[in-house]
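Trainee: Just to be clear, the model below is a prediction. Sequence and coordinates:
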Amino acid sequence: MIQNLTATQRYYARILCGPLVLLLFSLLPPPEGMAFNSWLTFGLAGWMFLWWIFEAAPLAVTGLLPLVLFPVLGIMDFKQTAEPYANPVIFLFLGGFMLAIAFQKWNLHIRLALWIVGKVGTSAERMVGGFICAASFISMWISNTAAVLMMLPLTLAVIDLLVKNDPHKAEHKRFAKAMLLGICYAVSIGGLGTLIGTPPNAFFKGFMTTQYDYSIGFLDWMLMGVPVVIGLSFGCWFLLVKVFFPVRDISPAYTKKAFDTARKKLKPITPAEKRVAWVAFITAMGWVFSSQIEAKFPKITDSVIAILGAVTLFVIPSDHKKFKPLLTWDDAVQLPWGVLLIFGGGLALSEGLSSTGTNEWIGQSMMQFQHYNIHAIVIAVSFVVLGMTEMISNIATVAMSVPLLSTVASGLGENPLLLALPATMIASLGFMMPISTAANAIVFSTGFVTIKDMVKVGFFLNLIGILVILLALYGIGLHVFDIVPGMVPEWALPPSKTV
């Protein structure tokens, strides 16, 4: 039916679908127990998601909608709404983007990409797998955002060697999508492997220690987390290169020739390349050891390290003769400023959902599952948390759901870990939308990947993620964390009930 509409009708249909959703929400009564402004926030979320999916307006413009509609609807005032647009993670992006521009300006990314490809081989499928493994491993130790910012210049360099030579060839476009979505999803997957891999894991550990005086061991987490990373990484690779973006038609001989030609064009490494490499290495080490740095200097966060690295690029000369800095402001204007507004809009929407009590209402709605079989409840909770993390940040999802799920589990006579542990991991599975994770937004900003690409692959990867996490929970987690279904451990009992 949509195909039968004229171009003008399709244009207005895309534009009006969002406001009509908000109007519908404003006319219908909210569900029982939900405040009206929470209901309106859901309506605005529907508006933004539709405009992002159908690209009714520039994506960055859609990201600005909360600044206008939150104050008008009485959800939050302008100052409160604007604060998420200056969230520290935005400046982490900013500094990382500038490092990526420096890599590209001095062609250091090409040198490094050629070295990596030489190690993993020139088969297209092996290259995608190699980059997924590299991104997953890096993300186990540093933030997901930092990991994707480190991998992106290398990935784009590999793509450039093929796609720019023949940008209209379908196989090369599929290869670009597979490579970029591979690192995008791999950094979220890798974050599940260790307690420091992503903020939700650290929150979970802190909550269990504070609330129950129960310590989650680093190795214990890895015993469950690493198999999840391996299983999900394979599932990601399989979906990308075997199902959605087959790259087997790209001849290894062709790629080898392209890389041999590129290697011959490389000139000896320049002082500028060395200096960019040192700045990037020191910045990366700052991210790797950020927890130790913050322990001694609490004000020095990942965002501070990123901006320090970026500022350094503007003052260090590229050589000892011309004293031209490694980066100039003319270089900086290449930044994908729009993606910062997109992610700021997502953070503002998350803040709106939280401030109106929507998170609590969603959490309370989970109580309807208390009369069901505990294993059915685990599955149901998994899908509820998955839906939440596509709408709001993973740390906000965990901060709201973990305390509630722990209480619900204890009330049902179960170990709090049985619900809270898989919920924590599943909160990192936001693969469908650019705003779901920072990595999604960054990769989307390259222009190679569309929202439709992300939605169709992300949907199935989400399902694989739930399956892998639940298999790991029942196959490994129950034994590692001594979880016995139908029994509340002594450490989870109220003090009056302990023996």
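Mentor: That came through, no problem. Numbering: from 1, shown residues only.
Trainee: CA atoms for contacts and neighbours, from now on please.
Mentor: Will do.
Trainee: distance of Leu73 from Leu67?
Mentor: Per Cα to Cα, to the nearest Å, Leu73 is found 11 Å from Leu67.
Trainee: who's more crowded, the two?
Mentor: Leu67 (20 against 15; other Cα atoms under 10 Å).
Trainee: That one is in contact with Phe78, isn't it?
Mentor: Yes. Applying Cα atoms under 8 Å, one finds Leu67 in contact with Phe78, separated by 6.3 Å.
Trainee: helices and strands around the helix or strand containing Thr145, which ones?
Mentor: Per DSSP states H and E: Thr145 is located in helix 144-163. Applying 3 or more Cα pairs under 8 Å, 6 or more residues apart in numbering; DSSP states H and E, one finds that helix 144-163 makes contact with helix 88-105, helix 108-120, helix 124-139, helix 170-190, helix 252-265, helix 438-444.
Trainee: how far does it sit from the chain's center?
Mentor: For helix 144-163, the gap between its own C-alpha mean and the chain's C-alpha mean amounts to 15 Å (Cα atoms, centre = their mean, to the nearest Å).
Trainee: cool, stretch 41-58 as well?
Mentor: 19 Å.
Trainee: any idea how far Gly430 is from the residue nearest in space to the middle of the chain?
Mentor: Closest to where the C-alpha atoms of the chain average out (Cα atoms, centre = their mean) is Thr437, at 2.8 Å. For Thr437, the distance to Gly430 equals 6 Å [Cα to Cα].
Trainee: Overlap of the contact sets of those two?
Mentor: Asn394 (Cα atoms under 8 Å, 6 or more residues apart in numbering).
Trainee: Next, the buried residues of stretch 216-223.
Mentor: Under the neighbour-count criterion of 16 or more other Cα atoms under 10 Å, stretch 216-223 has Ile216, Trp221, Met222, Leu223 buried.
Trainee: meant to ask about stretch 66-79, not that
Mentor: For stretch 66-79, by 16+ other Cα under 10 Å, it's Pro66, Leu67, Leu69, Phe70, Ile75, Met76, Phe78.
Trainee: what pLDDT does Leu16 get?
Mentor: With respect to pLDDT, Leu16 scores 91.
Trainee: any idea which element it lies in?
Mentor: Per DSSP H and E: helix 7-27 holds Leu16.
Trainee: Which secondary structure elements does that helix sit against?
Mentor: Short answer (3+ Cα pairs under 8 Å, 6+ apart): helix 7-27 packs on helix 36-54.
Trainee: Burial check on Arg126, number of neighbours?
Mentor: Neighbour tally, Arg126, other Cα under 10 Å: 15.
Trainee: Also Pro246?
Mentor: Pro246 has 18 nearby residues by other Cα under 10 Å.
Trainee: OK, contacts around it?
Mentor: When contacts are taken as Cα under 8 Å, 6+ apart, Pro246 is in contact with Glu171, Arg174, Phe175, Leu240.
Trainee: Need these in a markdown table (columns: pLDDT and neighbour count).
Mentor: As requested, these are exported to a markdown table (pLDDT from 0 to 100; neighbours: other Cα atoms under 10 Å):
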| residue | pLDDT | neighbour count |
| --- | --- | --- |
| Glu171 | 74 | 18 |
| Arg174 | 86 | 19 |
| Phe175 | 85 | 26 |
| Leu240 | 92 | 25 |
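Trainee: How far does stretch 381-395 sit from its chain's centre?
Mentor: Distance, centroid of stretch 381-395 to centroid of chain: 12 Å (Cα atoms, centre = their mean).
Trainee: do stretch 180-199 as well
Mentor: For stretch 180-199, the distance to the chain centre is 8 Å (Cα atoms, centre = their mean).
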